[in-house]
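1. Any chance you could fold what I've pasted below:
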Amino acid sequence: MLKIGDKAPQFTLSTGDGKTLALKDLKGKKVVLYFYPKDNTSGCTKEACSFQENTSTVKKRNAIVLGVSADSASSHAKFAAKYDLTFSLLSDEKKEVLKAYGVWKEKSMYGRKYMGIERTTYIIDKDGKIAQIFSKVKVDGHAEEVLAAL
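-> The predicted structure is shown next:
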């Protein structure tokens, strides 16, 4: 389990616009790395739009927002276009980054157990260390909570 002060696990993932993004390329910026279960679902849409509404404040704090799920890059592209998202959504179809950050977990719904993403946000400082962890995120008010921590 990752803790505050740990070095953030490195990654290189595909974005919705056909490029790749590596954490190491963001050194010197704070990174809001949020993991969400699925594109185009109500909670995930609300969370993404909430971060989008706050992008100017995030930028003023020398930070960048990145969303990560196991959806494909093409799914991310459609999701971003539908909601005018200007930050990158990263595709981790192999679930390697999800596992490295400890968000790929056994979940339960209606008595059925399955593996899925536990909604979690990490703030990574400009030196690549974990500055804050928000586990089992509740969408309402989360973007404001993250902004307060930046």
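2. Please, where are all the strands along the protein?
-> Residue ranges of the strands in the chain, as given by DSSP state E, are 12-15, 20-22, 30-35, 63-69, 88-91, 104-109, 112-117, 120-124, 130-134.
3. other SSEs contacting the second one?
-> Translated: strand 20-22. strand 12-15 (3 or more Cβ pairs under 8 Å, 6 or more residues apart in numbering; DSSP states H and E). For glycine as for every other residue, the C-beta is placed from the backbone atoms N, C-alpha and C.
4. Would you mind measuring the gap between the ends of stretch 82-94?
-> 25 Å (Cα to Cα, to the nearest Å).
5. mean confidence for it?
-> For stretch 82-94, the mean pLDDT works out to 96.
6. Please enumerate residues in contact with that stretch?
-> Contact partners of stretch 82-94, identified using Cβ atoms under 8 Å, 6 or more residues apart in numbering, comprise 11, 13-17, 21, 39-40, 45, 48-49, 51-52, 55, 64-73, 75-76, 79-80, 97-98.
7. Hey, what's the angle from the lowest-mean-pLDDT helix or strand in the chain to strand 112-117? Just curious.
-> Ranked by mean pLDDT, DSSP states H and E, the helix or strand of the chain with the weakest confidence is strand 104-109, at a mean of 90. Counting by axes from the mean of the first three to the mean of the last three Cα atoms, to 10 degrees, strand 104-109 points 140 degrees away from the direction of strand 112-117.
8. For strand 104-109, which strands pair with it and how are they oriented?
-> Strand 104-109 has the following strand partners under DSSP bridges: strand 112-117 (antiparallel).
9. how near is residue 72 to residue 29?
-> Distance from residue 72 to residue 29, counting by Cβ to Cβ, to the nearest Å: 26 Å.
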